[in-house]
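**Student:** Below is the sequence, then the predicted model.
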2 protein chains.
Amino acid sequence: MNFEILSVGTELLLGQIVNTNARDISRMLSELGMNVYYTTVVGDNPDRLKEALKTAAGRADGVILTGGLGPTGDDLTKETVAEYCGLSCVMHQESRRRLIERFQKMNRPMPENNWKQAEMPEGCIVLDNDNGTAPGAIVEHGGKVFIMLPGPPREMVPMLREKVRPYLEQKADCVIHSRTLRVFGVGESAAEEQLKAIIDRQENPTIAPYAKTGEMELRLTAKAESVEQAEELLMPLETEVREILGDFVYAEGETATLQQTVVELLHERKLTVATAESCTGGLVAKKLTDVSGASNCFHCGFVTYSNEKKEELLGVSHDTLEKFGAVSQETALEMSRGARLRSGADIGVSMTGIAGPGGGTPHKPVGLVYISISAKDFHKAYRLQLAGDREMVRERTSLYVLDMIRRYLLGNLDADYVW
Amino acid sequence: MNFEILSVGTELLLGQIVNTNARDISRMLSELGMNVYYTTVVGDNPDRLKEALKTAAGRADGVILTGGLGPTGDDLTKETVAEYCGLSCVMHQESRRRLIERFQKMNRPMPENNWKQAEMPEGCIVLDNDNGTAPGAIVEHGGKVFIMLPGPPREMVPMLREKVRPYLEQKADCVIHSRTLRVFGVGESAAEEQLKAIIDRQENPTIAPYAKTGEMELRLTAKAESVEQAEELLMPLETEVREILGDFVYAEGETATLQQTVVELLHERKLTVATAESCTGGLVAKKLTDVSGASNCFHCGFVTYSNEKKEELLGVSHDTLEKFGAVSQETALEMSRGARLRSGADIGVSMTGIAGPGGGTPHKPVGLVYISISAKDFHKAYRLQLAGDREMVRERTSLYVLDMIRRYLLGNLDADYVW
């Protein structure tokens, strides 16, 4: 089935809110193997809403509308759909009863215009709203389906999950199942060249790369009659991709993060890490502690922004700072060792660099960062030259540091590693 | 002028990302007094993109497209617009040079397919991309304007603000001028109630509240013939709003942040601050160092995630931790004092709490956080009970800590301050 999403609301066109409803509906449809070819936003304007509905219904098997179910004269979604289908809106007694009950519960008199919310297109499936006053509705007409949902996400999302999804599952003729590989250290286009042969011959399963800040997501998707069959289709593709990308793949899962992988590996090996941060200013520690339960492997971190504090808190030698500067391989090495020794952790990591916008020189330009790792048996620093603004340089640095820890724990980090 | 927004990207239709670009563009157009009647999302599909472009260009004076400027064969925005206007795409030497430079800086070979990003519709205005490899473009053709912007928000947003806005301002028949007040510590609806009288009578200038994570933005907008005239209209309104909200207003400016205000105040007063973080795990230090030049007032921070490290690095007494627990007013107080004394900074701040999802008890539920500030003449802790998930609790905590520093520096923080 092909769907279009039609979001109704002037506040969307004024940029006052972001359209998370379209994202949530699209995701659900995609999980059910249903296509969305267009999403449209239109204001609370009768003529343009009518035109948009006509266009959408002319192209798709179904239209999911959000918004415009409120009590005011501006709210015209039900009326417009009913008119398009040649139906009238009639009082729905059960919805009327729920409306009265709801206002009684809130101990508020019901404004007269709220009755409108209980008037539903005749013959529709009414979707009770447990989180607001506007019921949703499904109209089946002329081989098409029209699904109307309230605009506020806290009303829309539960209705979508609890009422619309089961309804649509009955109509789905297949299962769409995905696996997401998370990749760090390869740019989108470089990876694509390596994966080109696979991407070119893709059909079912498909493979799609998505660039994120400093990392990449590879989504492998199969269409089948069951999840088990889809998994069977995906397995050889995943193996092939993993063979090409090797340990650039750091995790599988839509919400997996580099910090999660690092924390899991530290747990498994019963090791602890301590951080010494200069240019990132606490970002790596923050990321490690994003992971609930990081307390087992991360006990402390140092943010040493000034040279003086690098000496005092980490024991970096004054001579090193004088001779090589704060942004140098030598300082990075002493910082990571200092973090390890002063904290008593198994692993110390450090980063020092020029995040910009100021502070760059021809010899040490903005984006130059040294990162270092110190363990009992291993002590190295790596030089990075990163692109982007201050925020980007700091974000990318933090990812490289996390990946350095990961590669060390996997035994895949050598002295002259280049990402 | 009437615009349509056309967002190109299959990842939007699959619900993998939310369309913040449409929101940001809508908002800018609305500030310029320009209308948006439709926003459409279409996938990376040549025929449907072509159809959507034709429809949009047929209805509006201008179309703003985002996405589809990448290096792969799927990326077709420039080609589709060029074809619609009867233009060809030609190599743009300056963009080519920038592309080479960018890859050289990253020390990475440029994949062959990246050249495509420097091929621009002939005669277009090229918009340099300072944050990515895809330049944007403006094509004026047949009385219509087509603006093409990259899809990733971190590339799109600066290009929109710095390049598209000045271009469109010249086309506007009036000046729409805004001032943005940034507010912390008041919920949207509470502030709205206080501001209701103003909002109800609004016409020109207008006032619009936008809720952000834990804070609020109040946008005051005037329509006039010149910026000076608009400023004159805005001044009395701003005064009135500031009288109602008092020091809840922490800054004026669209991109202003709480950390900027804090760093500026510290600079002015020639004071330094040190952080001792538990539940936030480095987030406050990271935010302070978001501000370029923070090194004058922030020299170091401690992330003490375990009890042991709170004792070792900050000198929190073992007894305090035993008796009151890590999440307590007493521990917070000793942490902030420890941060100040161990760092030699003028001000020490601390935060310790239960960010969740685990770790809560009936007595100390998830979201319970103590924050504390220590200076020579002032030493207090405050109890917060915050809503939201782990990330939200950590984010909100960091904002309260920054605001605590701000209020202390302004002399507006008393012992029993309640936000």
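**Tutor:** On my side now, so go ahead.
**Student:** Residue numbers of the stretch 1-150 of chain A in contact with chain B?
**Tutor:** Within the stretch 1-150 of chain A, the positions adjacent to chain B are A:12-20, A:22-30, A:36-43, A:45, A:48, A:52, A:55 by CB under 8 Å from any CB of the partner chain. For glycine as for every other residue, the C-beta is placed from the backbone atoms N, C-alpha and C.
**Student:** So among the residues you listed, which ones count as buried?
**Tutor:** A:12-19, A:22-30, A:36-43, A:45, A:48, A:52, A:55 (16 or more other CB atoms under 10 Å in any protein chain shown).
**Student:** Sitting in strands, which of those do you find?
**Tutor:** Among those, the ones falling in strands (DSSP state E) are A:36, A:37, A:38, A:39, A:40, A:41, A:42.
**Student:** Sort out which one of those lies nearest residue A:412 for me.
**Tutor:** residue A:36 (40.3 Å; CB to CB).
**Student:** Pretty sure residue A:27 is one of the things the closest one touches, is it not?
**Tutor:** No - applying CB atoms under 8 Å, one finds residue A:36 not in contact with residue A:27, separated by 9.7 Å.
**Student:** where do the contact lists of those two overlap?
**Tutor:** residue B:14 (CB atoms under 8 Å, 6 or more residues apart in numbering or on different chains).
**Student:** Could you say which helix or strand holds residue A:341?
**Tutor:** Here residue A:341 is covered by helix A:329-343, with elements defined by DSSP states H and E.
**Student:** So which elements touch the very next helix or strand once past that helix?
**Tutor:** Downstream of helix A:329-343, the first helix or strand assigned by DSSP H and E is strand A:347-353. Counting contacts by 3 or more CB pairs under 8 Å, 6 or more residues apart in numbering or on different chains; DSSP states H and E, strand A:347-353 packs against strand A:273-277, helix A:329-343, strand A:368-375, helix A:390-409.
**Student:** please redo it, this time with the cut-off set to 10 Å
**Tutor:** Using 3 or more CB pairs under 10 Å, 6 or more residues apart in numbering or on different chains; DSSP states H and E, the elements in contact with strand A:347-353 are strand A:273-277, helix A:283-288, strand A:298-304, helix A:307-314, helix A:329-343, strand A:368-375, strand A:378-385, helix A:390-409.
**Student:** Just the buried residues of the first one, please?
**Tutor:** Neighbour-count burial for strand A:273-277 flags A:273, A:274, A:275, A:276, A:277 (criterion: 16+ other CB under 10 Å).
**Student:** and what of the fifth one?
**Tutor:** By neighbour count with 16+ other CB under 10 Å, helix A:329-343 contains the buried residues A:329-340, A:342-343.
**Student:** Check the longest one too.
**Tutor:** Using 16+ other CB under 10 Å as the burial criterion, the residues of helix A:390-409 that qualify are A:390, A:392-409.
**Student:** State the mean pLDDT of it.
**Tutor:** The pLDDT scores in helix A:390-409 average 96.
**Student:** quick one: it to strand A:368-375, angle?
**Tutor:** Here the directions of helix A:390-409 and strand A:368-375 differ by 30 degrees (axes from the mean of the first three to the mean of the last three CA atoms, to 10 degrees).
**Student:** Could you list the low-confidence segments of the stretch 301-419 of chain A?
**Tutor:** Scanning the stretch 301-419 of chain A for pLDDT under 70 picks out nothing.
**Student:** So which bits of it are right by chain B?
**Tutor:** For the stretch 301-419 of chain A, the contact set with chain B under CB under 10 Å from any CB of the partner chain comprises A:301-310, A:312-314, A:342-345, A:355-359, A:365-367, A:383-392, A:394-395, A:398, A:418-419.
**Student:** Repeat the analysis, applying 6 Å as the threshold.
**Tutor:** Within the stretch 301-419 of chain A, the positions near chain B by CB under 6 Å from any CB of the partner chain are A:301, A:303, A:304, A:305, A:306, A:309, A:357, A:385, A:387.
**Student:** contacting residues for the fifth one?
**Tutor:** It refers to residue A:306. Shown in contact with residue A:306 (CB atoms under 6 Å, 6 or more residues apart in numbering or on different chains): residue B:299.
**Student:** gap between it and residue A:237?
**Tutor:** Residue A:306 sits at a distance of 51 Å from residue A:237 (criterion: CB to CB, to the nearest Å).
**Student:** Also residue A:70?
**Tutor:** Note on residue A:70: its distance to residue A:237, by CB to CB, is 47 Å.
**Student:** Look at those two and report which has more neighbours.
**Tutor:** Taking other CB atoms under 10 Å in any protein chain shown, residue A:70 and residue A:237 do not tie; residue A:70 has more neighbours (22 against 19).
**Student:** coming back round to it: can I get the CA coordinates of the helix holding residue A:341 in PDB?
**Tutor:** Below are the C-alpha coordinates for helix A:329-343, written out as PDB (Å, rounded to 0.1, in the frame of the first residue of the first chain):
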ATOM      1  CA  GLN A 329      52.100  14.800  20.900                       C
ATOM      2  CA  GLU A 330      54.400  15.100  23.900                       C
ATOM      3  CA  THR A 331      51.800  16.900  26.100                       C
ATOM      4  CA  ALA A 332      49.000  14.400  24.900                       C
ATOM      5  CA  LEU A 333      51.200  11.500  26.000                       C
ATOM      6  CA  GLU A 334      51.900  12.900  29.400                       C
ATOM      7  CA  MET A 335      48.300  13.800  29.900                       C
ATOM      8  CA  SER A 336      47.100  10.300  29.200                       C
ATOM      9  CA  ARG A 337      49.700   8.800  31.500                       C
ATOM     10  CA  GLY A 338      48.800  11.400  34.100                       C
ATOM     11  CA  ALA A 339      45.100  10.500  33.900                       C
ATOM     12  CA  ARG A 340      45.900   6.800  34.300                       C
ATOM     13  CA  LEU A 341      48.300   7.200  37.200                       C
ATOM     14  CA  ARG A 342      46.400   9.900  39.100                       C
ATOM     15  CA  SER A 343      43.100   8.100  38.800                       C
END
